[in-house]
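*Asks:* fold the following, please.
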Amino acid sequence: MNWKLLRGFAWIDTRAQFVDKLPKNGSLLDLGSSDGGTLTHINELRPDLHLASSDIAGSPENYPAGTDFRQANFDTDLLPWPDRTFDGVTCMHVVEHLKDPARIIREAARVLKPGGRLYVETPHPRSVDIPSAKGRGTEHVTVNFYDDKTHIRPVPHDELEEAFASAGFQAIQGGTSRNLLIAAAYPLLLAAQPRTRARYVAQLHFTGWSIYTQGMRK
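*Replies:* You can find the predicted model right below:
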């Protein structure tokens, strides 16, 4: 879904709702940008934002023009930006890959301005019990938590909440992350297109496969 269509309707998508609330012409750092899909969506919704990205590898050639990409290993490196640089930080499906998830939350707190906000999203712990995807085109769809062999362990909300508080965040809240339009399509895809990639993506949103935690830096 092109997030340009969500302008004025950002409440439909949990991630978009977070991004939409950042200040006009503000700055956002996306941690773990991978192939750039999330950064592209953010740019579609908020082309006024100044974007930065960090990843252990990344694909900066796919990122929106002007993105400040800097390579870092979140398990061992400090983020290569000064203190109090960004208005917002997003960290989508990264903490479950890390040995110490609290470390990247502390680093996010460091590079955020006072009043800046952090959004962390990760698989729900119950994803360990969901059957894996089967069918053509689903080879790279992570439905069971361990379908992704680089996952270390699920990180529950209470652990994230504690890490946020320890790092100096307030107004901490969390819940289920989903796009309501994609979730609503699941019953139709279940009937018309069984065992396709589109069906499984819709299933993830319908069942609430991801959880999020967000907070404001003091």
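
*Asks:* in stretch 118-130, what's buried?
*Replies:* Neighbour-count burial for stretch 118-130 flags Leu118, Tyr119, Val120, Glu121, Thr122, Pro123, His124, Pro125, Ser127, Ile130 (criterion: 16 or more other C-beta atoms under 10 Å). Every C-beta, even on glycine, is put in place using the N, C-alpha and C of the backbone.

*Asks:* by pLDDT, rank these and give me the bottom one.
*Replies:* On pLDDT alone, Ile130 ranks lowest of the buried residues of stretch 118-130, at 93.

*Asks:* gap between the lengthiest strand in the chain and the chain center?
*Replies:* Secondary structure of the chain per DSSP state E: the longest strand is strand 112-123. Taking C-alpha atoms, centre = their mean, to the nearest Å, one finds strand 112-123 lying 10 Å from the centre of the chain it belongs to.

*Asks:* just checking: what are the partner strands of it?
*Replies:* Strand partners for strand 112-123, identified by DSSP bridges, are recorded as strand 86-92 (parallel), strand 210-217 (antiparallel).

*Asks:* what ranges do the strands span in the chain?
*Replies:* Here the chain has its strands, by DSSP E, at 27-31, 50-55, 68-71, 86-92, 112-123, 169-177, 210-217.

*Asks:* could you dump those strands to CSV with distance to Phe9?
*Replies:* Formatted as CSV, those follow (distance: least, C-beta to C-beta, whole Å):
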stretch, distance to Phe9
strand 27-31, 20
strand 50-55, 22
strand 68-71, 29
strand 86-92, 19
strand 112-123, 18
strand 169-177, 17
strand 210-217, 19
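
*Asks:* show me what the longest strand of the chain is in contact with.
*Replies:* 14-15, 18, 21-22, 84-96, 105, 108-109, 142, 145, 151, 154-155, 160, 164, 169, 177, 209-218 (C-beta atoms under 8 Å, 6 or more residues apart in numbering).

*Asks:* between it and strand 169-177, how big is the angle?
*Replies:* Comparing the axes of strand 112-123 and strand 169-177 via axes from the mean of the first three to the mean of the last three C-alpha atoms, to 10 degrees yields an angle of 30 degrees.

*Asks:* what mean pLDDT does stretch 205-213 get?
*Replies:* If you average the pLDDT over stretch 205-213, you get 96.

*Asks:* ok, Trp209 - how many residues close by?
*Replies:* Using other C-beta atoms under 10 Å, Trp209 is surrounded by 21 other residues.

*Asks:* gap between it and Asp55?
*Replies:* Going from Trp209 to Asp55 by C-beta to C-beta, to the nearest Å gives 22 Å.

*Asks:* got it, and Thr40?
*Replies:* 14 Å.

*Asks:* the two: who's more crowded?
*Replies:* Shown here are Thr40 and Asp55; by other C-beta under 10 Å, Asp55 has more neighbours (22 against 17).

*Asks:* show me where this structure has its helices.
*Replies:* Using DSSP state H, the helices of the chain run over residues 14-20, 37-45, 101-111, 157-166, 180-192, 197-207.

*Asks:* which parts of the shortest one are buried?
*Replies:* Right, the one you point to is helix 14-20. Across helix 14-20, burial judged by 16+ other C-beta under 10 Å covers Thr14, Arg15, Ala16, Gln17, Phe18, Val19, Asp20.

*Asks:* one more: stretch 91-102?
*Replies:* Cys91, Met92, His93, Val94, Val95, Glu96, His97, Leu98, Pro101, Ala102.

*Asks:* possible to save the residues you listed as a markdown table with pLDDT and distance to Gly32?
*Replies:* Converted to a markdown table, those look like this (pLDDT from 0 to 100; distance: C-beta to C-beta, whole Å):
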| residue | pLDDT | distance to Gly32 |
| --- | --- | --- |
| Cys91 | 98 | 6 |
| Met92 | 97 | 6 |
| His93 | 97 | 7 |
| Val94 | 98 | 4 |
| Val95 | 98 | 9 |
| Glu96 | 98 | 10 |
| His97 | 97 | 8 |
| Leu98 | 98 | 10 |
| Pro101 | 97 | 12 |
| Ala102 | 98 | 16 |
